[in-house]
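> prediction below, plus the sequence it came from.
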Amino acid sequence: MATSPNVNLTNLDLTSEEFDFDDHFQENLEDEAVREALEQGLDLRAYSKEIEEDLRRVEGQSVQDYMSASVDMATLYRQIQNCDNMLESMESMLGLFQSDLGNISGEIQSLQEQSLTMNIKLRNRKAVHASLSDYVSGMFVSDELAETICNSPIGPEFLDALKELEKKIGYVSEQKGDHGSTIEAAAELQAITAKAGSRLKEVMINKIHEVRKPMSNLQLQQNYLLGLKDAFSFLAKHNKQVAAEIRAEYVETFGKVHWSYFKAYITRLMKLQFEEFVDKDDLMGAEDGSRRQGFFSMKPSLKSRSTVFTIGNRATILEELEAPILVPHAAKEAKESGGKGSVRYPYEKLFRSMQFAMMDNSAREFLFGCEFFGMQDDRCVKFFSDLMGKTMALLLKHEETRIANWYDSISLVLCARIIHEYKKKLLADNIPCLEPYFSHLLALIYPRFSQIVDLNVASIAAVDPSKLNSIDARPHFIVRRYAEYSGALLLLNEGVELTEVTDALGRLRQEVANFILRMAAEFPQRKEQLVFLINNYDMMISVYNERTTNSSEEMEEFRGLLNARIREYADEALSVAFGGIKTFVKDTERALSQAEDPNRVPVDEKRILTLTRGFARDWKTAITDIDGEVMKSFTNFKNGTAILQVVLTQLVMTYEQFTSILKQAPFRRQSGWPDLIDKHHVMVEVKKHKTTF
């Protein structure tokens with residue numbers, strides 16, 4: 001049997017009774033196997049028969065295969081039947097499970113609904129419980145709380161109970177409506193509050209009254225009260241009347257204690273003042289020496305007025321502003337033990353001690369009022385004014401009485417500086433309570449200071465130089481007083497620039513400048529006048545350099561006057577021996593500058609010969625005489641050296657101008673001028689006098 005080609009017959013349904021050959025003919029022609037058979041030229045009928053035989057053979061084989069597998073198929077069928085039975089049983093069981101699960105789901109849903117309902121009820125009950133708990137806790141006053149506030153000692157436990165009571169009062173006050181429980185709780189809390197107020201009032205006022213005892217420590221009592229500041233804050237909110245009574249009692253009691261303390265302190269402190277002090281006769285223009293006193297006068301006089309206008313080491317008090325206050329009884333004990341030099345003080349030291357004590361006590365009271373009484377700003381300043389008003393008035397009255405009769409202006413400026421430093425300190429510490437007090441003190445000091453300066457100005461203006469016993473070229477004692485005094489004020493004014501001090505110095509400077517000129521006019525010769533002026537100006541500048549570190553109007557003005565007078569003195573000193581040469585130089589330079597043709601300026605040969613011969617004969621002697629005159633005239637050797645150098649320098653310059661003129665037409669001579677000294681010889685001689693001073 002010929003092998004058939006690989007023909008795909010899977011889609012050929014030979015068993016179908018409704019097979020339509022025509023319908024599928026075209027489709028079969030398009031089959032790849034049919035197309036291949038046609039392309040090979042095979043006979044389709046023979047090919048069809050082959051196919052049919054193959055099918056029959058295959059069918060027979062298939063039947064045999066099915067027959068041989070029938071036993072297995074029967075077994076498989078039985079197994080499938082068993083599986084169906086088992087699956088049916090499982091289906092029945094699962095149905096029961098599904099039914100049970102449906103019932104359980106309903107139960108779970110019911111439980112969820114019940115749980116949700118119970119949660120809502122629980123939250124509602126908790127909210128009600130919390131509200132009721134707060135309400136009951138806020139309204140209910142325990143016996144323990146009432147017992148603590150009414151009977152327990154006032155201490156930490158009492159203060160804790162007071163805080164709890166305040167919370168309850170606040171809670172009750174927030175409740176709205178006139179409920180019976182609220183009214184009852186409010187009445188009970190009010191009664192307990194009144195009891196707390198009465199107990200606190202008794203304790204605090206008793207503690208306040210303890211400061212009335214001798215040697216009591218005010219700060220110790222204040223520290224105790226500060227431990228009760230929360231209790232006072234409670235009273236200020238809930239028992240204003242008791243709080244006001246405590247505050248008033250504190251102001252009255254502590255105010256009296258401060259007043260008594262300062263009154264006694266001032267009385268004892270004033271006994272430590274120097275017995276010698278400045279009075280109305282100690283003026284800058286007054287004659288020096290001892291003052292006349294009446295037969296019955298017990299007041300000792302100053303030995304010399306020079307101490308009135310000097311500052312010495314008094315300015316060191318500005319470095320001791322926060323030193324401990326002076327203790328009168330300690331000074332008395334020192335005196336009894338033989339330390340006489342350490343028990344008397346100038347007034348500014350007593351003033352500093354008083355004001356430092358005042359500042360220290362005032363700052364403590366102000367801060368206590370802010371902390372304990374809970375006051376701020378203007379209210380605390382008002383409280384301080386009520387508390388310390390009498391004490392401030394006492395101190396102001398004392399200073400007013402003393403300043404009205406006080407003539408030590410340096411002491412007044414020191415006191416003003418002390419006040420300014422204390423004001424600066426309190427301002428830095430944000431304590432404004434003493435600002436009016438300090439301003440009042442300055443309003444007392446500055447006018448009095450100005451009056452004293454005016455008295456000194458008037459005393460200088462009243463001096464008649466013609467009536468003075470003796471006048472010489474040395475620095476005048478009035479000018480020396482002024483120099484020391486103005487140097488002291490300039491020192492105290494450094495870094496602060498007190499307007500009142502600056503203005504007073506200006507008035508005094510002008511009058512002293514006029515006085516110096518009046519004194520100089522008493523000398524008949526201009527050179528003598530210049531020596532007097534230079535000595536006085538130099539002395540003042542020396543004092544300023546010694547006393548002060550900064551430049552000032554006084555120093556600049558008198559330095560300018562000194563330099564001008566030194567130049568004028570140099571001209572005067574050279575005019576005696578070398579006046580002819582100076583005049584010749586001036587006249588010739590003027591003639592040369594005015595002439596149309598300098599070569600035609602007339603030459604006075606006789607005059608020139610006289611000048612050259614006179615210079616050659618006397619110049620060394622004249623320099624020696626000038627040297628001696630300067631040494632004799634000026635008291636300050638250093639200043640004398642400078643003046644001599646100015647004079648000799650001017651001499652060299654003048655002689656150089658003279659020789660220069662003689663070397664130019666029409667003064668030049670072919671053989672030179674006879675006896676003309678070379679300028680280098682003059683310079684060598686001048687250098688010999690550099691180390692005189």
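It's in.
> need the three-state assignment for residue 677.
Recorded secondary structure, residue 677: coil (DSSP: H, G, I helix; E, B strand; the rest coil).
> give me the distance between it and residue 647.
As judged by Cβ to Cβ, to the nearest Å, residue 677 and residue 647 stand 18 Å apart. (C-beta placed from N, C-alpha, C; glycine too.)
> same question, residue 264
Shown here: residue 264 relative to residue 647, a distance of 68 Å by Cβ to Cβ.
> would you mind telling me which of these two has more residues around it?
residue 647 (24 against 11; other Cβ atoms under 10 Å).
> so which residues of the stretch 451-600 of the chain form helices?
Ranges of helices in the stretch 451-600 of the chain, per DSSP state H, counting those that start in this stretch, are 477-493, 499-520, 526-547, 553-594.
> ok, the stretch 51-200 of the chain next?
Per DSSP H, counting those that start in this stretch, the stretch 51-200 of the chain carries helices over the ranges 70-139, 143-151, 156-174, 180-209.
> out of the ones you listed, nearest to residue 359?
Shortest distance between residue 359 and these, using Cβ to Cβ, is found for helix 180-209: 23.1 Å.
> which elements pack onto the helix or strand following that closest one?
The C-terminal neighbour of helix 180-209 among helices and strands, as given by DSSP states H and E, is helix 218-226. Applying 3 or more Cβ pairs under 8 Å, 6 or more residues apart in numbering; DSSP states H and E, we find helix 218-226 packed against helix 180-209, helix 347-372.
> which of those helices is buried the deepest?
Mean neighbour count (mean count of other Cβ atoms under 10 Å) peaks for helix 347-372 among the helices and strands packed on helix 218-226, with a mean of 21.
> tell me how many other residues crowd residue 426.
Quick note: residue 426 (other Cβ under 10 Å) scores 19 neighbours.
> tell me the gap between the host helix or strand of it and the middle of its chain.
Taking DSSP H and E as the definition, residue 426 sits inside helix 409-428. Relative to its parent chain, helix 409-428 has a centroid offset of 18 Å by Cα atoms, centre = their mean, to the nearest Å.
> measure the residue most central in space within the chain to residue 421 for me?
Geometric centre of the chain, nearest residue: residue 428, 6.6 Å, by Cα atoms, centre = their mean. Remark: distance between residue 428 and residue 421 (Cβ to Cβ) = 11 Å.
> for burial, what's the neighbour tally of the nearest residue to residue 598 once chain neighbours are set aside?
Leaving out its chain neighbours, the residue that sits closest to residue 598 by Cβ to Cβ, 6 or more residues apart in numbering is residue 592, at 5.1 Å. Residue 592 is flanked by 14 other residues according to other Cβ under 10 Å.
> next one: residue 592, what pLDDT does it get?
On pLDDT, residue 592 comes in at 84.
> same thing with the one 3 residues further on?
Among the per-residue scores, residue 595 shows a pLDDT of 80.
> residues contacting it?
Contact analysis of residue 595 by Cβ atoms under 8 Å, 6 or more residues apart in numbering lists residue 601.
> measure it to residue 273 for me?
In terms of Cβ to Cβ, residue 595 sits 78 Å off from residue 273.
> how about residue 684?
Counting by Cβ to Cβ - residue 684 and residue 273 are separated by 65 Å.
> neighbour-wise, which of the two wins?
Higher neighbour count among residue 684 and residue 273: residue 273, with 15 against 10, using other Cβ under 10 Å.
> which residues sit in contact with the more buried one?
Contacts for residue 273 (Cβ under 8 Å, 6+ apart) come out as 344-347, 350.
> what does residue 162 give?
Contacts of residue 162 (Cβ under 8 Å, 6+ apart): 149, 196, 230-231, 234.
> next one: residue 270 from residue 328, what distance?
In terms of Cβ to Cβ, residue 270 sits 9 Å off from residue 328.
> and for residue 603?
Distance from residue 603 to residue 328, by Cβ to Cβ: 90 Å.
> settle it for me: which of these two has more neighbours?
Higher neighbour count among residue 603 and residue 328: residue 328, with 20 against 14, using other Cβ under 10 Å.
> which residue is the nearest non-sequential neighbour of the more buried one?
Nearest one to residue 328, counting by Cβ to Cβ, 6+ apart, is residue 268 at 3.7 Å.
> before we move on, which element is that neighbour in?
According to DSSP H and E, residue 268 maps onto helix 240-269.
> quick check: mean pLDDT across that helix?
Helix 240-269 comes out at a mean pLDDT of 93.
> centre of the chain to that helix, how far?
So, by Cα atoms, centre = their mean, the centroid of helix 240-269 is 33 Å from its chain's centroid.
> and that helix, what does it pack against?
Counting contacts by 3+ Cβ pairs under 8 Å, 6+ apart, helix 240-269 packs against helix 180-209, helix 229-238, helix 328-336, helix 347-372, helix 377-404.
> got the helices of the stretch 451-600 of the chain as a markdown table, with distance to residue 216 columns?
A markdown table is the format used below for the helices of the stretch 451-600 of the chain (distance: least, Cβ to Cβ, whole Å):
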| stretch | distance to residue 216 |
| --- | --- |
| helix 477-493 | 40 |
| helix 499-520 | 42 |
| helix 526-547 | 47 |
| helix 553-594 | 53 |
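> looking at these, which is closest to residue 219?
helix 477-493 (34.2 Å).
> and the angle for that closest one with helix 499-520?
Angle, helix 477-493 to helix 499-520, by axes from the mean of the first three to the mean of the last three Cα atoms, to 10 degrees: 160 degrees.
> ok and helix 477-493 relative to helix 409-428, angle-wise?
In terms of direction (the same axes, to 10 degrees), helix 477-493 departs from helix 409-428 by 10 degrees.
> show me what counts as buried in helix 477-493.
Residues of helix 477-493 classed as buried under the neighbour-count rule (16 or more other Cβ atoms under 10 Å) are 478-493.
> and what of stretch 615-628?
Those buried within stretch 615-628 under the rule 16+ other Cβ under 10 Å are 615, 619, 622-623, 626-627.
> contacts for it, please.
573-574, 576-578, 581, 644, 647-648, 651, 655, 675-677, 682, 685-686, 689, 692.
> swap the cut-off to 10 Å and go again
Outside stretch 615-628, the residues that touch it by Cβ atoms under 10 Å, 6 or more residues apart in numbering are 570, 573-574, 576-578, 580-581, 614, 640, 643-644, 647-648, 651, 655, 658, 674-677, 681-682, 685-686, 688-689, 692-693.
> buried among those residues? Need that as a selection in ChimeraX.
Isolation of the buried members of the contacts of stretch 615-628 (16+ other Cβ under 10 Å) is achieved in ChimeraX through the command below:
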select :570,573,574,577,578,581,614,640,643,644,647,648,651,655,658,676,682,685,686,689,693
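> what's the average pLDDT for stretch 505-522?
pLDDT averaged over stretch 505-522 gives 93.
> ditto for stretch 462-482
87.
> now that stretch, how far from the centre of its chain.
50 Å.
> with stretch 183-203 instead?
For stretch 183-203, the distance to the chain centre is 47 Å (Cα atoms, centre = their mean).
> buried residues in the helix holding residue 268?
242-243, 245-247, 250-251, 253-255, 257-259, 262, 265-266, 269.
> now swap in stretch 425-439 and tell me
Result for stretch 425-439 [16+ other Cβ under 10 Å]: buried residues 426, 431-434, 437-438.
> with stretch 592-611 instead?
Those would be 608, 611, for stretch 592-611 by 16+ other Cβ under 10 Å.
> pull the contacting residues for residue 244.
235-236.
> low-scoring stretches of the stretch 501-650 of the chain, by residue?
Residue ranges of the stretch 501-650 of the chain with pLDDT under 70: none are present.
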